[in-house]
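**Q** quick one: sequence plus predicted model below, questions after.
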Amino acid sequence: MRILMAIVAGAVSVAHAAVLADTSVEQRLRSVLGEALPGIEIASIRPAPLKGMHEVVLGGEVIYVSDNGRFILKGDLMDLKDKRNISDERRAQARITGLTAVPPNTMIEFAPPDTQHVLYVYTDVDCGYCRKFHQEVGTLNAAGIAVRYLAFPRAGVDSETFKKSESVWCAADRNAALTEAKAGKPVPAATCDNPVKAHYELGTRMGVRGTP
């Protein structure tokens, strides 16, 4: 979101908003934001609890934009009466939407015979805490909780961890390969059409900063 913050300072002029006055507010804001923030995907736009403002979800982030498209507000919207962080709730909803859109067969799943709950986990094969978490998967499965792993090589797409993640996701037995990697054992190099980059990019949009 650094790009967003850099652009906010010079936001959009009233004149531009006036030109688009005949369109609906949502169409107007999509046009204005699309021009001001090129390349950033707008997930949704809807009226905000604040009069004269609309809520805009950009990936996993939430911002507020004035109906005329002139002002952008980035920060958490709190409801003091109900003691709710409205922005945080919307971020959580956006993340759920993003995760449920991921094809299940692109994730590495450790599931019990009778799944009661599903836990989505972003993982880095070289992360110490991820390795400790993986040791608890059996306990989670015994409690009826399935674990679905998505790849998040923290060092980025050009890293050795990224390549190792691809080898895990391309293995004939992905579950066994992931367990081996998390035990610090070498995984045979492999390449294929894999979801590692897509998982990583989704996590970045959702604001993932660490693993698991």
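**A** Arrived safely, thanks for sending. Numbers count the residues shown, from 1 in each chain.

**Q** outline the domain layout of the chain.
**A** According to automatic domain parsing, the chain comprises the domains 2-99, 102-206.

**Q** closest one to residue 212 among those domains?
**A** If you check each of those against residue 212 by CB to CB, domain 102-206 wins as the nearest, at 4.7 Å. C-beta coordinates here come from the backbone N, C-alpha and C atoms, glycine included.

**Q** and that closest one, end to end?
**A** 13 Å (CA to CA, to the nearest Å).

**Q** pull the distance from it to the chain's centre.
**A** Here domain 102-206 is found 16 Å from its chain centre; the criterion is CA atoms, centre = their mean, to the nearest Å.

**Q** by contact count, what packs against the helix ranked longest in the chain?
**A** Taking DSSP state H as the criterion, the chain has its longest helix at helix 86-100. Applying 3 or more CB pairs under 8 Å, 6 or more residues apart in numbering; DSSP states H and E, we find helix 86-100 packed against strand 53-58, strand 61-66, strand 78-79, helix 196-206.

**Q** what's in contact with the second one?
**A** Spelled out, it's strand 61-66. 1, 4, 29, 32-33, 48, 50, 52-56, 71-74, 77, 87, 90-91, 94, 207 (CB atoms under 8 Å, 6 or more residues apart in numbering).

**Q** tilt between that strand and strand 53-58?
**A** Angle between the axes of strand 61-66 and strand 53-58 is 150 degrees (criterion: axes from the mean of the first three to the mean of the last three CA atoms, to 10 degrees).

**Q** hang on, the earlier thing: just the buried residues out of the contacts of strand 61-66, in PyMOL syntax.
**A** In PyMOL, this line selects whichever of the contacts of strand 61-66 come out buried by 16 or more other CB atoms under 10 Å:
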select buried, resi 4+29+32+33+48+53+54+55+56+72+77+87+90+91+94
